[in-house]
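Enquirer: Here's my sequence, what's the structure:
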Amino acid sequence: MKFRSSGTAATLAAVVVLAGFATACNRGSASDSSAGGKPAIGIDLPRADSDFWNSYAQYVKQDASAQGLNTLPVSNSQNDVTKLVANVQVFQNTGAKAVVMAPQDTGAIASTLEQLSARKIPVISVDTRPDKGNVYMVVRADNKAYGIKACEFLGKQLDGKGKVAELQGALSSINGRDRSEAFAACMKEKFPGIEVIELATDWKGDVASAKLQSTLAAHPDLGGVYMQAGGVFLQPTLALLQQKGLLKPVGQPGHIAIVSNDGIPQEFDAIRRGDIDATVSQPADLYAKYALHYAQASAEGKTFQPGPTDHQSTIIQLPNGLEDQLPAPLVTKENVDDQSLWGNNVGK
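Expert: Numbering: from 1, shown residues only. Alright, predicted model coming up:
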């Protein structure tokens with residue numbers, strides 16, 4: 001099954017996933033000693049308006065079942081930190097021994113992390129690195145590398161000159177900051193002839209579309225677009241370019257070079273069509289697999305050290321915990337059909 005890019009389809013997909021969790025993954029409360037007496041794990045999904053995160057949710061469901069975990073009823077904080085705080089409180093009240101979350105506002109979650117730490121409930125943070133507060137493990141890719149890969153690719157496509165619009169994620173998120181700062185630094189150092197037009201979007205597709213429309217009106221010679229999140233930006237960006245008669249295939253005169261981040265099936269299809277040039281594949285499958293792996297390990301009292309892992313990643317030391325930096329390859333027309341990429345396997 002493949003998720004559609006529309007908000008309605010994404011929401012319906014999330015409902016299906018959550019319904020599946022209720023029947024397939026929940027092993028009951030921590031007190032009933034189900035799932036072989038394994039400790040209870042609380043899982044909060046961060047949002048339902050992104051094809052990337054809905055794919056992650058599907059992998060979480062599969063891996064929770066495959067690993068035989070004892071999961072509490074899964075929640076979805078819908079990109080709202082107040083809902084995340086409330087959901088975590090429910091996990092505490094129902095006996096969670098570890099919590100998996102993906103806080104979209106990495107600054108506002110600090111007090112909740114302190115509360116969990118005081119109760120000795122370890123936290124695994126997926127994709128985002130909290131600014132403060134103890135975490136047992138952050139499971140993410142090197143987001144600065146995302147910005148650098150996008151910069152280098154676009155810089156070469158534009159021969160080092162022209163204008164690029166950058167659809168930034170929320171700058172309240174470490175991911176948005178990492179990608180934006182790395183992209184800007186790389187462009188300044190390696191491609192000073194390229195003007196970067198920064199468009200803050202708060203990870204919202206409608207905001208991205210409106211700002212890109214204004215940018216196209218002011219800069220009709222725009223040569224490239226960097227989308228920091230294909231899961232929310234791809235569909236509205238392509239729709240806008242189509243409406244404006246600017247969606248030219250790769251290789252044709254007037255093509256606007258586009259590089260994205262996420263690695264969802266829809267981006268792969270867009271690469272095959274020539275609508276976009278590349279994306280960085282953010283490993284939704286590995287996020288789910290290793291977040292749950294570390295959650296179980298933390299609840300059992302196991303510890304890890306910085307250094308290389310047995311799954312082609314590196315654990316680094318943070319001021320407030322550890323981070324497992326998973327690989328995130330650049331995908332172009334040359335390798336888009338590689339079956340090792342999760343975007344070619346989701347739903348199979």
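
Enquirer: pLDDT below threshold where in the protein?
Expert: 1-36, 347-348 (pLDDT under 70).

Enquirer: now whichever strand or helix holds residue 166, how far from the centre of its chain.
Expert: Assigned by DSSP states H and E, residue 166 belongs to strand 162-168. Offset of strand 162-168 from its chain centre (C-alpha atoms, centre = their mean, to the nearest Å): 20 Å.

Enquirer: Could you check the helix or strand following it and say which residues are buried?
Expert: Downstream of strand 162-168, the next assigned helix or strand under DSSP H and E is helix 174-190. Neighbour counts over helix 174-190 (16 or more other C-beta atoms under 10 Å) mark 174, 175, 176, 177, 178, 179, 180, 182, 183, 184, 186, 187 as buried. Every residue, glycine included, has its C-beta placed from N, CA and C.

Enquirer: tell me which of these is nearest to residue 304?
Expert: Checking the buried residues of helix 174-190 against residue 304 with C-beta to C-beta, the nearest one is residue 174 at 20.7 Å.

Enquirer: Make sure that closest one is actually in contact with residue 143.
Expert: Yes - with contact defined as C-beta atoms under 8 Å, residue 174 reaches residue 143; the gap is 7.2 Å.

Enquirer: any chance you could map the helices in the chain?
Expert: 7-20, 51-66, 81-93, 110-118, 143-157, 174-190, 205-218, 230-243, 265-273, 284-299 (DSSP state H).

Enquirer: And the one residue sitting closest to the centre of the chain, how close does it get to residue 311?
Expert: In the chain, the residue lying closest to the centroid (C-alpha atoms, centre = their mean) is residue 127, at 5.6 Å. To residue 311, residue 127 is 17 Å away according to C-beta to C-beta, to the nearest Å.

Enquirer: Residue 203 now?
Expert: As defined by C-beta to C-beta, residue 203 lies at a distance of 28 Å from residue 311.

Enquirer: out of these two, which sits in the busier spot?
Expert: residue 203 (25 against 12; other C-beta atoms under 10 Å).

Enquirer: Tell me if I'm right that residue 136 and residue 323 touch.
Expert: No - the criterion here is C-beta under 8 Å, and residue 136 misses it with residue 323 at 10.6 Å.

Enquirer: re the thing from before, what is the nearest of the buried residues of helix 174-190 to residue 288?
Expert: Closest to residue 288, out of all of the buried residues of helix 174-190 and judged by C-beta to C-beta, is residue 175, at 17.2 Å.

Enquirer: leaving aside the residues next to it on the chain, what's closest to that closest one?
Expert: Excluding its sequence neighbours, the residue lying closest to residue 175 (C-beta to C-beta, 6 or more residues apart in numbering) is residue 143, at 4.9 Å.

Enquirer: Neighbours of the one you found, how many?
Expert: 28.

Enquirer: pretty sure residue 231 contacts residue 50?
Expert: Yes - with contact defined as C-beta under 8 Å, residue 231 reaches residue 50; the gap is 3.8 Å.

Enquirer: Which of the two has more residues huddled nearby?
Expert: residue 231 (30 against 26).

Enquirer: Contacts only, for that one.
Expert: 50, 51, 52, 53, 262, 264 (C-beta atoms under 8 Å, 6 or more residues apart in numbering).

Enquirer: List the buried residues in stretch 213-233.
Expert: 215-216, 222-233.

Enquirer: just stretch 158-177 next, same as before
Expert: Neighbour count says stretch 158-177 has 158, 162-177 buried, by 16+ other C-beta under 10 Å.

Enquirer: go on, stretch 252-262?
Expert: Using 16+ other C-beta under 10 Å as the burial criterion, the residues of stretch 252-262 that qualify are 255, 256, 257, 258, 259, 260, 261, 262.

Enquirer: surely residue 241 meets residue 247?
Expert: Yes - using C-beta under 8 Å, residue 241 is in contact with residue 247, at 4.1 Å.

Enquirer: returning to what we had before: okay, angle between the strand holding residue 166 and helix 230-243 too, please.
Expert: Angle of strand 162-168 versus helix 230-243, following axes from the mean of the first three to the mean of the last three C-alpha atoms, to 10 degrees, is 140 degrees.

Enquirer: Compute the inter-axis angle for strand 162-168 and helix 205-218.
Expert: 160 degrees.

Enquirer: Measure how strand 162-168 sits relative to helix 143-157, angle-wise.
Expert: Using the same axes, to 10 degrees: strand 162-168 against helix 143-157 is 160 degrees.

Enquirer: so what secondary structure elements neighbour strand 162-168?
Expert: Counting contacts by 3 or more C-beta pairs under 8 Å, 6 or more residues apart in numbering; DSSP states H and E, strand 162-168 is packed against helix 174-190, strand 194-200, helix 205-218, strand 224-227.

Enquirer: Tabulate these in CSV, adding columns for distance to residue 237.
Expert: As requested, the helices and strands packed on strand 162-168 are exported to CSV (distance: least, C-beta to C-beta, whole Å):
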stretch, distance to residue 237
helix 174-190, 16
strand 194-200, 11
helix 205-218, 6
strand 224-227, 6
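
Enquirer: Looking at these, spot the one closest to residue 279.
Expert: Closest among the helices and strands packed on strand 162-168, using C-beta to C-beta: strand 224-227, at 8.4 Å.

Enquirer: What strands flank the closest one, and is each parallel or antiparallel?
Expert: Partners of strand 224-227 in the sheet, by DSSP bridges, are strand 162-168 (parallel), strand 257-262 (parallel).

Enquirer: what sits up against it?
Expert: Against strand 224-227 from outside (C-beta under 8 Å, 6+ apart): 150-151, 154, 157-158, 162-167, 183, 194, 208, 212, 233-234, 237, 256-261.
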